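generate a structure from the sequence data that follows.
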Amino acid sequence: MLTRFRTALLAAVAAVGLSATPGLAQEWRGWNIHAADYPNGRGMDRFGELVAQRTNNRIRLRTYHSATLGQQDEAIQQMRLGAIDFGNFNLSPFNNLAPSTNVVTLPFLFRDVGHSHRVMAGVGGEEIARDLDGIGIIALAWYDAGARSMYTRRPVRVPADLQGMKIRVQTSDLWIDIMRALGANATPLPFGEVFTSLQSGVIDGAENNWPSYESTRHFEVARFYTTTEHSNVPEVLAVSRQRWARLSDADKAIVRQAALDSATYQRELWAARETESRARVTAAGVTVIEITDRTPWSNLMAPVYAKYAADPRLARMVQAIRETP
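Numbers count the residues shown, from 1 in each chain. This next block holds a predicted model:
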């Protein structure tokens, strides 16, 4: 029995040594909160295919979709510890860990999708990548996550309609303060609990993009979608620093380029999916309340900017983003 145990232990140690050695076969585990057929899931699968092709299968990536490896906050901690090798995350859960992520989460910051792409290819992406590196996560590329809007169990046409409503937010002080500025009661909840919480009345609404609203079937229990488009937070495709450190420079270049190529693919899928999702929920009878003038909403955000962009570095970042053509 002891001999068998020692043999198994030595084999395990050898396997770790092989997976940690540049140039030898590696198996990576990846996290994704969305379903496999969602644009992000398909983008991550494309990432794995490209890495395998370009390394002749020396590096093989498997993405576990639908939060199989845990909810988002748990997965971030696992990535920092090296228990998860790569993942696609919304930037909001990093707000309390990486200060620059607060900036791109600020409401009504980006003019449109093209503006957000240019920002993330420049000053925004550079600052955030630096902060994420500081907590053990290497940013490789930026995925689209669409404009986020409010959806509720009763109509919301002006900010005053949100007064006292319980609105689900991600676990982030910034998001809590955004909802407070609008007069709502911010209710942090895991994404997987939103449907039942809406159904039971634990919350009155949530906020997200068209594909998330449609794919989770939240439209069945929150029948009013108000196009506030208050936030356009990018998502990051990242790898743990422990796994990154084991790669040769040549493999790092391959992995990074594969991530960038997958982001181009994901963005194309995202644009198509937004159009499809809106059409599906409209056909299902959802009431879409169009907001054409967002000034009454954005005017309420001054205290949020004062709190989260007061630091000189972050204030400069906000200014640079606003000046990005």
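
tell me where the stretch 201-325 of the chain has helices.
Counting by DSSP state H, counting those that start in this stretch, one finds helices in the stretch 201-325 of the chain at the ranges 210-215, 241-245, 249-283, 295-298, 302-308, 312-323.

quick one: list the elements packing against the fourth one.
Secondary structure elements in contact with helix 295-298, counted by 3 or more C-beta pairs under 8 Å, 6 or more residues apart in numbering; DSSP states H and E, are absent; no helix or strand qualifies. Just so you know, the C-beta spots here come from the backbone N, C-alpha and C atoms, and that holds for glycine as well.

how about that helix: buried residues?
Neighbour-count burial for helix 295-298 flags Trp297 (criterion: 16 or more other C-beta atoms under 10 Å).

pLDDT on it, on average?
Regarding helix 295-298, the rounded mean pLDDT is 96.

next one: the first one
Confidence for helix 210-215, expressed as mean pLDDT, is 94.

buried deepest among the helices of the stretch 201-325 of the chain, which one?
Per residue and on average, the most neighbours among those fall to helix 210-215, with a mean of 23 (mean count of other C-beta atoms under 10 Å).

output the contacting helices and strands for that one.
helix 249-283.

tell me the spacing between the closest residue in space to His115 that isn't next to it in sequence and Val119.
Excluding its sequence neighbours, the residue lying closest to His115 (C-beta to C-beta, 6 or more residues apart in numbering) is Thr324, at 6.7 Å. Separation of Thr324 from Val119 (C-beta to C-beta, to the nearest Å) stands at 5 Å.

between these two, which one's more packed in?
Taking other C-beta atoms under 10 Å, Thr324 and Val119 do not tie; Val119 has more neighbours (24 against 17).

tell me if that one really is in a helix.
Yes: under DSSP: H, G, I helix; E, B strand; the rest coil, Val119 falls within a helix.

about what we covered before: hmm, the residue nearest to His115 is touching Met120, no?
No: the criterion here is C-beta atoms under 8 Å, and Thr324 misses it with Met120 at 10.0 Å.

got any ranges where the chain has weak pLDDT?
Residues of the chain meeting the criterion pLDDT under 70: 1-23.

before we move on, the earlier item: what's the residue nearest to His115 sitting at in phi/psi?
phi -70, psi 120 (degrees, to the nearest 10).

name all residues that make contact with it.
Thr324 sits next to 115, 118-119, 122-123 when contact means C-beta atoms under 8 Å, 6 or more residues apart in numbering.

kindly reformat those as a markdown table containing distance to Tyr151.
Formatted as a markdown table, the contacts of Thr324 follow (distance: C-beta to C-beta, whole Å):
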| residue | distance to Tyr151 |
| --- | --- |
| His115 | 24 |
| Arg118 | 29 |
| Val119 | 26 |
| Gly122 | 32 |
| Val123 | 32 |
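
most neighbours among the residues you listed, please name it.
Neighbour counts for the contacts of Thr324 (other C-beta under 10 Å) peak at Val119, which has 24 neighbours.

is it correct that that residue is in contact with Phe110?
Yes: between Val119 and Phe110 a contact is recorded at 6.9 Å, counting by C-beta under 8 Å.

any shared contact partners between the two?
Common contacts of Val119 and Phe110 (C-beta under 8 Å, 6+ apart): 104, 321.

and Arg29, how close does it get to Leu237?
If you measure Arg29 against Leu237 using C-beta to C-beta, the figure is 15 Å.

show me which of those two is the more surrounded one.
Taking other C-beta under 10 Å, Arg29 and Leu237 do not tie; Leu237 has more neighbours (25 against 18).

report the contact partners of that one.
When contacts are counted by C-beta under 8 Å, 6+ apart, Leu237 touches 43-44, 47, 86-88, 139-143, 259, 262-263.

not counting its neighbours along the chain, what's nearest it?
Spatial nearest neighbour of Leu237, chain neighbours left out: Ala141 (4.6 Å); criterion: C-beta to C-beta, 6+ apart.

what is the neighbour count of the one you found?
Residues near Ala141, counting by other C-beta under 10 Å, number 24.
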